[in-house]
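Asks: Take this sequence and fold it.
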Amino acid sequence: MTQTGTKKCGCPFIINIKENDDSLWYVIVICGRHNHNLANNLEDRSFTGRLDKGEHEVVVQMTKGIVKPRDI
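Replies: Numbers count the residues shown, from 1 in each chain. Here you go, the predicted model:
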């Protein structure tokens, strides 16, 4: 299971999401309690600015094609 980084605030919330052999995804809530307010928007969250796999591949190909970073 991949663990992702979060802001460390001691929040007890734990959730496991996994795909089983039947190709179905299962969500298991270990602890559904938060010790903080939930975000009103996602603008300031780091994952919202990440590239998806397709976008990442375009950047890789442009970089290999010697495209200047400012033009990517």
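Asks: so Thr63, which of the three states?
Replies: Secondary structure, DSSP: H, G, I helix; E, B strand; the rest coil: Thr63 is helix.
Asks: With Ile30 instead?
Replies: Going by three-state DSSP: Ile30 is strand.
Asks: quick one: low-confidence ranges for this protein?
Replies: Residue ranges of the chain with pLDDT under 70: 1-8, 42-49.
Asks: Next one: His36 from Lys18, what distance?
Replies: Taking CB to CB, to the nearest Å as the measure, His36 falls 26 Å from Lys18. For glycine as for every other residue, the C-beta is placed from the backbone atoms N, C-alpha and C.
Asks: what number of residues lie near His36?
Replies: 10 (other CB atoms under 10 Å).
Asks: Helix or strand: which one has it?
Replies: Assigned by DSSP states H and E, His36 falls within no helix or strand.
Asks: ok, it - contacts?
Replies: His36 is in contact with Cys9, Cys11, counting by CB atoms under 8 Å, 6 or more residues apart in numbering.
Asks: any idea how far it lies from Ile28?
Replies: 22 Å.
Asks: got it, and Glu55?
Replies: 31 Å.
Asks: With Thr63 instead?
Replies: Counting by CB to CB, the gap from Thr63 to Ile28 is 39 Å.
Asks: Among these two, which residue is more densely surrounded?
Replies: Thr63 (12 against 9).
Asks: was I right about the more buried one contacting His56?
Replies: No: counting by CB atoms under 8 Å, His56 is not a contact partner of Thr63; they are 10.6 Å apart.
Asks: from memory His34 sits against Gly10, does it?
Replies: No: checked against CB under 8 Å, the pair His34 and Gly10 is beyond contact range at 10.5 Å.
Asks: Among those two, which residue is more densely surrounded?
Replies: Using other CB under 10 Å, the more surrounded residue of His34 and Gly10 is His34, with 11 against 6.
Asks: and Asn16, that one's in a strand?
Replies: Yes: counting by three-state DSSP, Asn16 is part of a strand.
Asks: nearest residue to it other than its sequence neighbours?
Replies: Nearest residue to Asn16, sequence neighbours excluded (CB to CB, 6 or more residues apart in numbering): Ile28, at 4.4 Å.
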